[in-house]
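In: Sequence first, predicted coordinates after that:
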Protein chains: 4
Amino acid sequence: MPGNSFGNTFRITTFGESHGPAIGVVIDGCPPGLFLDLDFVQNELDRRRPGQSAIVTQRQEGDKVEVLSGVFEGKTTGMPIALLIRNEDAKSKDYSHIADKYRPSHADFTYQMKYGLRDYRGGGRSSARETASRVAAGAVAKMVLQKIGVKVNAWVSRVGDIALEKAWEELDFSQIEATPVRCPDLPIAERMEALIRDVRKDGDTIGGIVSCVVENCPVGLGEPVFDRLHADLGKAMLSINACKGFEYGSGFAGVSMRGSEHNDPFFNENGQILTRTNHSGGIQGGISNGMPIYFNVAFKPVATIVASQESVNEAGESVQVEGRGRHDPCVLPRAVPIVEAMAALVIVDHYLKDWRIGGLKD
Amino acid sequence: MPGNSFGNTFRITTFGESHGPAIGVVIDGCPPGLFLDLDFVQNELDRRRPGQSAIVTQRQEGDKVEVLSGVFEGKTTGMPIALLIRNEDAKSKDYSHIADKYRPSHADFTYQMKYGLRDYRGGGRSSARETASRVAAGAVAKMVLQKIGVKVNAWVSRVGDIALEKAWEELDFSQIEATPVRCPDLPIAERMEALIRDVRKDGDTIGGIVSCVVENCPVGLGEPVFDRLHADLGKAMLSINACKGFEYGSGFAGVSMRGSEHNDPFFNENGQILTRTNHSGGIQGGISNGMPIYFNVAFKPVATIVASQESVNEAGESVQVEGRGRHDPCVLPRAVPIVEAMAALVIVDHYLKDWRIGGLKD
Amino acid sequence: MPGNSFGNTFRITTFGESHGPAIGVVIDGCPPGLFLDLDFVQNELDRRRPGQSAIVTQRQEGDKVEVLSGVFEGKTTGMPIALLIRNEDAKSKDYSHIADKYRPSHADFTYQMKYGLRDYRGGGRSSARETASRVAAGAVAKMVLQKIGVKVNAWVSRVGDIALEKAWEELDFSQIEATPVRCPDLPIAERMEALIRDVRKDGDTIGGIVSCVVENCPVGLGEPVFDRLHADLGKAMLSINACKGFEYGSGFAGVSMRGSEHNDPFFNENGQILTRTNHSGGIQGGISNGMPIYFNVAFKPVATIVASQESVNEAGESVQVEGRGRHDPCVLPRAVPIVEAMAALVIVDHYLKDWRIGGLKD
Amino acid sequence: MPGNSFGNTFRITTFGESHGPAIGVVIDGCPPGLFLDLDFVQNELDRRRPGQSAIVTQRQEGDKVEVLSGVFEGKTTGMPIALLIRNEDAKSKDYSHIADKYRPSHADFTYQMKYGLRDYRGGGRSSARETASRVAAGAVAKMVLQKIGVKVNAWVSRVGDIALEKAWEELDFSQIEATPVRCPDLPIAERMEALIRDVRKDGDTIGGIVSCVVENCPVGLGEPVFDRLHADLGKAMLSINACKGFEYGSGFAGVSMRGSEHNDPFFNENGQILTRTNHSGGIQGGISNGMPIYFNVAFKPVATIVASQESVNEAGESVQVEGRGRHDPCVLPRAVPIVEAMAALVIVDHYLKDWRIGGLKD
């Protein structure tokens, strides 16, 4: 079974390669009657777009989104919504030198083995360009979330060894977009940007962590035992290019805690059941309990570097691979809207599949 | 869409609650012609079974598996294989005292909110008892893997602050089953057991990490862009009770590396393409490249502790919850066969859905 | 992808062969809080059971259903419901004479080709015994339908050339169970029974048609463009053993009508929109419009006859196949509860997946 | 779960409304390495296109297909293939007069009830325009079938009361495209065309039957018990606009036959197992047996007629609905490529999901 669709009830199917005619997505299952704010979709795409600043890739693209279907007089009809983004500024000649070579830690080798051939230009479908489709779909999902009051915020919490150590409750989310690096703590953001610039000068790359919080998630989302809410969030994040890890709530750090410290006692606040602590990360037994859902997504340093590297070609011969083309020294700032988009897609999918819920209230 | 099925081509559907008549699983899509070694299945179940030693829970159960369908003259027929395990030794009266209370960090509250009612005995379906079904199915998946030469090994690499720091290549997997704690480094295993016994005496619980390696995975498994092999592995692990995190390859540690250090150069060894290092963890672009796949699964300290805890009941009143019944001070050793089972299920599912592959060779 | 599951939101997975230890079904997605009337389930199974009268097969089985999971204090919990039916009275030695022969128009040949081996006893999984699992699941679906006021009735409208020509609105459904042949027109029923007895004496078989009506279906069920309500009904019926055709509304007869005759004008009756005629069969654009849904299901004469037949064996040699064992001269009366079960499963699945609907009202 | 995707392993997702910017389809799972013959795709679309002759609708459209992704240097890469068809010649003002009216036997009422709003122009998504997307995808499926030698041919076998009575084996398929009505028997074709012209003059519509044969289907396709090959064919056909019935093999006529007449004896012809007769229609136990698969698809007279009709509007008021715009007096000739497309999609999906089969041979 091919894997280009995500979700069951709010289901998206993406298509498109880095240097093909276009990329896009079909969204099936969007509730009808929603005003589709195309400016908002475009804005989300612009957040992801390369060339926004000196610290990210220099590929310039308008990423202009066009709606092909599913909308009538500005509103969603319940019919599939197809969004199209034409590829511009794709310099194919940048990649001819590696047409038959396997770049280390890229998908060249595995795609060649699996499919027998590959569109080598810019990584073809394995390129992060594909994530623009997800961000477009995620924008529509965010519009559904807006209707039910759910808020999703992501930010860069780590670049290399520079980590934002504060608890997320202490952060000012309005500062996320204040800097290109998307870290809401401005001093830390500055240090991150300096590091990225150094890495860029070295023609190298560096990794980091994107953190995310979902607030006001309705109680009861998640489908045990396999489609637990956090399991779907994890799959969603791990499907993003360069992602190497996912943890939620207390995560990996929590393994050292005792149950007596880790447990979150319940209490009643004006009829609403809350927990005094939230090591659970808002999900218990795979189902949301109403407390904020927070998680971290780890990204490796992306594989496209400038330095020459040892490798082999399709004939199995030893070759040197030179980096050319354009690339990101650090993908983290651009990953922020992607993480938010995937989170929105998962929450909306689970919201719509929960059968207690009928219809979108205005 | 309900979430009790896992996999597409090798699909399992589990059923059963902790204190219901039975638990079990239906496996659909198992290739025909496989000799179903029931002793092997039973053995895997025994590995997971509580009461094996003084460090784990004292609930005694035979966990005797019965085959109801899908096998003829000892061989799989391609028809659905139903495996049944009757529940014995389920002390329901142990749980009556919490029938209407929400135990902290359990699924009591979320299940009640989502479903409107719940089988409170032993956690009902949210209990880890459900994982016996997965282990039974995973045993069948392992038999398929045996046919194609894939090996899956998991072990406990961390309990609380006690961590096994060696690279997995240096471990002797034959020592995993040498101790109840399933850590193949015997001195570390001893320290872990001591810690667990202390925690048990305190009536408390502790978490840890299970590590796993898949060797000889065929090249080309994984379905980009959403059903990436590691994304499905992540979802599989995160669906296990008490799991809080998943990382593969360089994982969270890799975020601090430079691309120039992190990349895995290719080289040709007698016609086989390998990588000199393996930060990729055997998966590139979401597709296996033939190198070993290794990952870590983080487990929180389970929520069932002896100490009295603050909580609320279904009426929203403040109550104290006493721990009774039987529980694990540390679920990690029992999680080892569950992690292996889930890994086997994912690999087999991807193997069978890869359309380059036709038929099982003997 | 294996095909032993049916439905998306109310999903069933069946298992079991004719002469295996047991057959059964796992129902995932049943709404919680429903009182599970086991007597009703047993009653539905008894309707399907062979040996009820002289005109059907003489295999005696209790078909006693056991609930293994998903029910607590008599109510569904939202967890998977596993129903088990042990096989009794299975005379395996009746089939040894055809172990390596391909009976004409049975599934022996195709199963052998596809799977490489087969459980030849009684047709294994291809036997109509498998439909007992569906009837059990359909009984649970009917309980959901009862809650929302939907009524499903099926009956035998044709055996061989003997056809019940009346419009369904003129029939008295309370007479369906009045005779073993399940035709509510008693004179026609008598003629049908006489024909079946004659066919039985000849050691032969005869086919027929089961008709079905769904009344009070809520408006708006169906998921265009591919999961149209009637398309799912058609697939459901065609998946029943011996089914060769499906038509709904005006069906095959309607092809000769003019649009001006065939169209169903709308009118307003006390605020409810109805149609004056109902050639549409209650479904327009693949979505229910509230009018009764009626359809016909055609069944061929089953392939197990007594007379000797020309055939080949697994070695490709010419052989004679003798009929032995027990069989139905006419499967139609037993098909009635199966058709109702499949209809109930489809309607409930579409009801639950329609996102306008939240929660079951008492 | 929304219903705009079809297939599991060769999965298509269609989008687009009659008067929206464009229609199209995303094909996921197409095997890599296939030369994508765009001329062939265009040709299939032209077969479906209105305005080909005086007997069908007069809407002129180029239906020019554009490939957006999934193809590199002329070959499929295994990545999703997106095909786009811009809508031209869509006269939206033709439909303003029925914006708030429910046309009898159209999907206006049901869509309004289900979604709360609808794109009324030309029926929106419920329009048969959507089938162009299927034909485009079906063309790609046909290319896969060509590689494995499977042939699919459909033709009009009945219009109103004029029926082609010959067995399909006696027909000359090369004559199907010889006339606009696509009936390969030229005298019958003439009578059909005459009838259609009369019906058109009356501003009315008439129905009919499309018959189809699949030859050289590999043995063993079909996934019992629910995804039987003929059940998926039935669902596929029933999902086509105006389809009211499906039968295969002996179909509805076979119900009157005795088993002794109906059974198809096996025999060995040079090592190949064939059946002497083929009432089974090439499928036994839901799995193909290698004999030709033949089936009939019944289409009602389409609902768009010129005469004024009684109906109601959204306010529930009694209104008259006038027919305007363009329409087909008989949809049957245009349904032929759609039936072929759906058949190709089903066969390819089952071929690819059969795990005995690995890789496409040249």
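Out: It's in. Residues are numbered from 1 along each chain as shown, chains lettered A, B, ... in the order given.

In: and A:Ile305, what are its phi and psi?
Out: phi -120, psi 170 (degrees, to the nearest 10).

In: I'd assumed B:Ser260 was in contact with it.
Out: Yes: applying C-beta atoms under 8 Å as the test, A:Ile305 and B:Ser260 come out as touching, 5.6 Å apart. In this view, the C-beta of every residue, glycine as well, is placed from N, C-alpha and C.

In: intersection of neighbour lists for these two?
Out: A:204-205 (C-beta atoms under 8 Å, 6 or more residues apart in numbering or on different chains).

In: Between the two, which is the more surrounded one?
Out: More neighbours surround A:Ile305 than the other of A:Ile305 and B:Ser260, with 25 against 17 (other C-beta atoms under 10 Å in any protein chain shown).

In: Run through the residues that contact the closest residue to that one other than its chain neighbours.
Out: Spatial nearest neighbour of A:Ile305, excluding adjacent residues (C-beta to C-beta, 6 or more residues apart in numbering or on different chains): B:Gly259 at 4.4 Å. Taking C-beta under 8 Å, 6+ apart, we find B:Gly259 in contact with A:105, A:204-206, A:301-305.

In: quick one: which of those residues is nearest chain C?
Out: A:Ser105 (32.2 Å; C-beta to the nearest C-beta).

In: For the residue nearest to that closest one when sequence neighbours are not counted, give its distance to C:Phe6.
Out: Using C-beta to C-beta, 6+ apart and skipping residues adjacent in sequence, the residue nearest A:Ser105 is A:Ala303, 3.8 Å away. In this view, A:Ala303 and C:Phe6 are 44 Å apart by C-beta to C-beta, to the nearest Å.

In: and if you look at A:Ala335?
Out: Relative to C:Phe6, and taking C-beta to C-beta, A:Ala335 is found at 40 Å.

In: Over to A:Ala167?
Out: Distance check for A:Ala167 against C:Phe6: by C-beta to C-beta, it reads 48 Å.

In: cool, and A:Phe246?
Out: Remark: distance between A:Phe246 and C:Phe6 (C-beta to C-beta) = 33 Å.

In: So which of A:Ala167 and C:Phe6 has more stuff around it?
Out: Remark: of A:Ala167 and C:Phe6, C:Phe6 carries more neighbours, 25 against 7, as counted by other C-beta under 10 Å.

In: residue contacts, the more buried one?
Out: Contacts of C:Phe6 by C-beta under 8 Å, 6+ apart are C:12-14, C:134, C:236, C:239, C:345, D:226.

In: so where is chain A shaky, pLDDT-wise?
Out: A:51-61, A:89-94, A:325-326, A:359-362 (pLDDT under 70).

In: And the closest residue to A:Gly149 other than its chain neighbours, how far from chain B?
Out: Leaving aside its chain neighbours, A:Gly149 sits nearest to A:Asn216 (5.0 Å; criterion: C-beta to C-beta, 6+ apart). Going from A:Asn216 to chain B by C-beta to the nearest C-beta, to the nearest Å gives 15 Å.

In: The residue of the stretch 1-150 of chain A at minimum distance from chain C - how many residues pack around it?
Out: Per C-beta to the nearest C-beta, A:Met1 is where the stretch 1-150 of chain A lies closest to chain C, at 6.2 Å. Using other C-beta under 10 Å, the number of residues around A:Met1 comes to 23.

In: Now do the same contact list for the residue nearest to A:Gly149.
Out: Counted by C-beta under 8 Å, 6+ apart, A:Asn216 has contacts A:148-151.

In: Enumerate every residue touching the residue of the stretch 151-300 of chain A found nearest chain C.
Out: Relative to chain C, the nearest point of the stretch 151-300 of chain A is A:Pro224 (8.4 Å; C-beta to the nearest C-beta). Shown in contact with A:Pro224 (C-beta under 8 Å, 6+ apart): A:285-287, B:3-4, B:107, B:125-126.

In: Ranking by neighbours, what's the top pick from those?
Out: B:Arg125 (30 neighbours).

In: Could I get the full set of helices for the stretch 251-362 of chain A?
Out: Applying DSSP state H, counting those that start in this stretch to the stretch 251-362 of chain A gives helices spanning A:259-262, A:332-353.

In: buried residues in the last one?
Out: In other words, helix A:332-353. A:332-353 (16 or more other C-beta atoms under 10 Å in any protein chain shown).

In: got the angle between that helix and helix C:332-353?
Out: Orientation of helix A:332-353 against helix C:332-353 (axes from the mean of the first three to the mean of the last three C-alpha atoms, to 10 degrees) gives an angle of 130 degrees.

In: Just checking helix A:332-353 against chain C, any contact.
Out: Yes: against chain C, helix A:332-353 shows contacts by C-beta under 8 Å from any C-beta of the partner chain at A:352-353.

In: chain center to that helix: distance?
Out: Chain-centre distance of helix A:332-353: 7 Å, with C-alpha atoms, centre = their mean, to the nearest Å.

In: That one packs against which elements?
Out: helix A:38-48, helix A:131-148, strand A:151-159, strand A:208-215, helix A:229-238, strand A:293-299 (3 or more C-beta pairs under 8 Å, 6 or more residues apart in numbering or on different chains; DSSP states H and E).

In: Can you mark which positions in the longest one are buried?
Out: By neighbour count, with 16+ other C-beta under 10 Å as the criterion, the buried positions of helix A:131-148 are A:131-145.

In: Kindly report the same for stretch A:320-334.
Out: A:321, A:323, A:325-334.

In: got the residues of the stretch 101-250 of chain A near chain D?
Out: Residues of the stretch 101-250 of chain A lying near chain D (C-beta under 8 Å from any C-beta): A:114-119, A:124-125.

In: Can you turn the buried part of those into a PyMOL selection?
Out: The buried subset of those, as determined by 16+ other C-beta under 10 Å, is captured in PyMOL by this line:
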select buried, chain A and resi 114+115+116+118+119+124+125
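
In: Determine which two of the residues of the stretch 101-250 of chain A next to chain D are furthest apart.
Out: A:Gly116 and A:Arg125 (14.5 Å; C-beta to C-beta).

In: follow-up on the earlier one: of the contacts of B:Gly259, buried ones?
Out: Buried among the contacts of B:Gly259 by 16+ other C-beta under 10 Å: A:105, A:204-206, A:301-305.

In: Could I get those in a markdown table, plus columns for distance to B:Gln42?
Out: Formatted as a markdown table, the buried ones among the contacts of B:Gly259 follow (distance: C-beta to C-beta, whole Å):
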| residue | distance to B:Gln42 |
| --- | --- |
| A:Ser105 | 42 |
| A:Asp204 | 53 |
| A:Thr205 | 50 |
| A:Ile206 | 50 |
| A:Pro301 | 46 |
| A:Val302 | 47 |
| A:Ala303 | 45 |
| A:Thr304 | 50 |
| A:Ile305 | 51 |
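
In: Just the closest residue of the stretch 151-300 of chain A to chain B, please.
Out: Closest point on the stretch 151-300 of chain A to chain B, by C-beta to the nearest C-beta, is A:Gly285, at 2.3 Å.
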